[in-house]
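# Pasting the sequence and the predicted coordinates here, then a few questions.
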Amino acid sequence: MAKYKYIDTHPRLIAVDLTRQLLPGTFEHALHHLLEHEIDLSHFDVRFRNDETGAPAYPPAVLLKVVLFAYSQGIVSSRGIERACQEHVTFMALCGDHAPHFTTIARFISTLSDDIAKVLAGVIAVCDAEGLIGREMFAIDGVKLRSNASKQRSGKRIDFEKQATKLEAAARTMVQRHRAADTAPNEPPPSKKARERLQRLQRDAHQMRAWLAANPNERSGPKGTVRQSNRTDNESAKMATSKGVIQGYTGVATVDAQHQIIVDAQAHGTGSEAELLMPVVAAIKTQLRDHTLLTADAGYHSEANLKALAKQQILALIADQQMRQRDARFATQGRHQLAPHPLHNKRADQRARAGFPPSAFTYDADARTCVCPAGKRLYRKGQPRMVNGYVTEQFRGTKGNCAPCALRAQCLRTPDTTPVRNVAFGRGRAMEGVSYTEQMRARIDTDEGRAAYGRRFATVEPVFGNVRYNKGLDRFTLRSRVKVDAQWKLFCLVHNIEKLAKLKCAA
């Protein structure tokens, strides 16, 4: 019988040089080199006042290294990071023989705020010095992620006041019932479960009243609209996603097209992307050049945003909601859409509506006349009107012609309620007063505009795929916008350092 050597896979004492565990070309090697030699971390020193008294603190570089490496491995929990520092040799190589406690890690992450923004700016500067930022095109996009907040605790102040009143009324009813039971002969005392339920009602009502007192005003949007508050994290927001409504934040990233380096990262507690565009543009103003093109999807489109970009003379291609309908390449996109579920589809009836299209009518632009498919002449309604930057002419049928018409059921969508047919024809683009939206449509609908905008998807979406799938970021674990913004920047730092390590190693 063959004899084999015993292999001990659980040795306790091994003579290992920790620095040699950081192999060149790996993420951890690039991370260690950057934080020890390239990035200025002196701004962290103001956190400590232990020059003369107090225990020595963990170097910020050590904590940053273990946190960023943990995030690169999909480890977000501070307890998980502490355990890895005690058991994983690569973590030991980054932190040495002093594994930080999980409370130290948690406090460090939750108090990063402006410090992590400076670290991200330093890494971006290193990427720029290495020639990894081309500045030919920046793609702006956002991803909506759940936060550490309960969606069920969202609502307006009037909703919370009604809930508090209801809880207080229920608590008073229970107290009266208990008092009546105390005076009744041979009545057993309230059970432990009943007492706990009363305490829970009183506690919830007290917490709700305390929250209302601490937050006397409603949350409002940029146009003064009232937004729902959240008693768990009032800076988070309800957001509609493809997988339902979530309570969370939007992580926005601006990505350079050359090597997918993130040049700016922000997190905001709103699902309205249009209001986030100009803050992002202001943040990347120093990165822009005269030839830099900004691209963003339809979520960032608004007349106000396009006007602001035009005033600042910033080149941009921002899609609108009808861009694909105007593009012949997407003419057959409907066949790829799944049929709606008959039990869960809450949208209006999507069946094809009846009615002759305008092309079925005979329109003479010179004579300014219109004849319907039944051969009847429609009369012109007033003067030409401006619709979306185009001059349109409207025509309307008469009751004498439409009421007895044999084609009425085919011509009108609702023949039982609509008396006559209306139809409009475009006479071309207006020469004056063209909106910024129309100007953007004219730019993006050209072959060059579609080709340039088409690069946006291949620039920014792989970044979100890396951060969300490879790094496992499916939710933010902190509360308040400042802390969530710092956590989003940490993940974007991981992405940039990975790019730097791979591209520099390949070079």
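Great, that's in hand.

# Most distant residue from the centre of this structure?
Here the chain reaches farthest from its C-alpha mean at M1, the gap being 63.5 Å by C-alpha atoms, centre = their mean.

# do you know how far that residue is from R329?
Using C-beta to C-beta, to the nearest Å, M1 is found at 69 Å from R329. Placement of C-beta: from N, CA and C, glycine included.

# next one: T477
From T477 to R329 the distance is 41 Å (C-beta to C-beta).

# More neighbours: which of those two?
Shown here are T477 and R329; by other C-beta atoms under 10 Å, T477 has more neighbours (17 against 9).

# thought that one was touching N148?
Yes. At 5.5 Å, T477 counts as touching N148 under the criterion of C-beta atoms under 8 Å.

# how far is the strand or helix carrying L120 from where the chain is centred?
L120 belongs to helix 114-129 when assigned by DSSP states H and E. Its chain's C-alpha centre and that of helix 114-129 lie 22 Å apart, by C-alpha atoms, centre = their mean, to the nearest Å.

# go on, stretch 301-308?
Counting by C-alpha atoms, centre = their mean, stretch 301-308 is centred 19 Å from the centre of its parent chain.

# Repeat that for stretch 455-474.
Computed by C-alpha atoms, centre = their mean, the separation of stretch 455-474 from the middle of its chain amounts to 12 Å.

# so what's I314 up against?
Counting by C-beta atoms under 8 Å, 6 or more residues apart in numbering, I314 makes contact with 281, 288, 292, 294.

# Save these as TSV, and put in distance to Y249 and secondary structure too.
Below are these laid out as TSV (distance: C-beta to C-beta, whole Å; DSSP: H, G, I helix; E, B strand; the rest coil):
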residue	distance to Y249	secondary structure
V281	20	helix
L288	26	coil
T292	27	coil
L294	22	strand
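
# filter these to the buried ones?
281, 288, 292, 294 (16 or more other C-beta atoms under 10 Å).

# Widest-spaced pair of the residues you listed?
Spatially, the most separated pair among the buried ones among the contacts of I314 is V281 and T292, at 10.9 Å (C-beta to C-beta).

# can I have stretch 260-268 written out in PDB, keeping just the CAs?
Below are the C-alpha coordinates for stretch 260-268, written out as PDB (Å, rounded to 0.1, in the frame of the first residue of the first chain):
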ATOM      1  CA  GLN A 260     -13.400  53.600 -17.100                       C
ATOM      2  CA  ILE A 261     -11.900  55.600 -14.200                       C
ATOM      3  CA  ILE A 262     -14.400  57.200 -11.900                       C
ATOM      4  CA  VAL A 263     -13.600  60.900 -11.700                       C
ATOM      5  CA  ASP A 264     -16.500  61.800  -9.300                       C
ATOM      6  CA  ALA A 265     -18.700  59.800  -7.000                       C
ATOM      7  CA  GLN A 266     -21.700  61.100  -5.000                       C
ATOM      8  CA  ALA A 267     -24.700  59.600  -3.100                       C
ATOM      9  CA  HIS A 268     -28.000  61.500  -2.700                       C
END
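
# so who does A310 touch?
Residues in contact with A310 (C-beta under 8 Å, 6+ apart) are 436, 439.

# quick one: secondary structure of it?
The local conformation at A310, judged by DSSP: H, G, I helix; E, B strand; the rest coil, is helix.

# where exactly do the strands run in the stretch 1-150 of the chain?
Ranges of strands in the stretch 1-150 of the chain, per DSSP state E, counting those that start in this stretch, are 137-146.

# Count the residues that sit near T369.
By other C-beta under 10 Å, 14 other residues sit near T369.

# Which residue ranges make up the domains of the chain?
Listed domain ranges for the chain are 18-46+56-111, 137-148+231-327+445-506, 157-217, 358-437 (source: automatic domain parsing).

# Make a markdown table from the ones you listed and add distance to E130 to it.
Below are the domains of the chain laid out as a markdown table (distance: least, C-beta to C-beta, whole Å):
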| stretch | distance to E130 |
| --- | --- |
| domain 18-46+56-111 | 10 |
| domain 137-148+231-327+445-506 | 6 |
| domain 157-217 | 47 |
| domain 358-437 | 37 |
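
# Tell me which of those domains sits nearest to I7.
Nearest to I7 among those is domain 18-46+56-111 (17.6 Å), distances taken as C-beta to C-beta.

# How far off centre is that closest one?
Per C-alpha atoms, centre = their mean, the centroid offset for domain 18-46+56-111 relative to its chain is 28 Å.

# tell me the contacts of A308?
A308 neighbours (C-beta under 8 Å, 6+ apart): 278, 281.

# hey, which strand is longest across this protein?
Longest strand in the chain, counting residues (DSSP state E): strand 244-256.

# Whatever helix or strand comes next after it pairs with which strands, and in what direction?
As assigned by DSSP H and E, the chain's next helix or strand after strand 244-256 is strand 262-268. Neighbouring strands of strand 262-268 in its sheet, by DSSP bridges, are strand 244-256 (antiparallel).

# quick one: the strand it pairs with to helix 114-129, angle?
With axes from the mean of the first three to the mean of the last three C-alpha atoms, to 10 degrees as the basis, strand 244-256 and helix 114-129 are set at 40 degrees to each other.

# Pull the distance from strand 244-256 to the chain's centre.
That offset, for strand 244-256, works out to 2 Å (C-alpha atoms, centre = their mean).

# in that strand, what's buried?
By 16+ other C-beta under 10 Å, the buried positions in strand 244-256 come out as 246-256.

# Using PDB, write out every CA atom in it.
Extracted C-alpha coordinates of strand 244-256, given in PDB (Å, rounded to 0.1, in the frame of the first residue of the first chain):
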ATOM      1  CA  GLY A 244     -40.200  47.600  -7.100                       C
ATOM      2  CA  VAL A 245     -40.100  50.600  -4.700                       C
ATOM      3  CA  ILE A 246     -37.100  50.700  -2.300                       C
ATOM      4  CA  GLN A 247     -36.000  53.000   0.500                       C
ATOM      5  CA  GLY A 248     -32.500  54.100  -0.300                       C
ATOM      6  CA  TYR A 249     -30.000  56.400  -2.000                       C
ATOM      7  CA  THR A 250     -28.800  57.000  -5.500                       C
ATOM      8  CA  GLY A 251     -25.100  56.500  -6.000                       C
ATOM      9  CA  VAL A 252     -24.000  58.700  -8.900                       C
ATOM     10  CA  ALA A 253     -20.700  58.100 -10.800                       C
ATOM     11  CA  THR A 254     -19.000  60.100 -13.500                       C
ATOM     12  CA  VAL A 255     -16.800  57.700 -15.600                       C
ATOM     13  CA  ASP A 256     -14.100  58.600 -18.100                       C
END
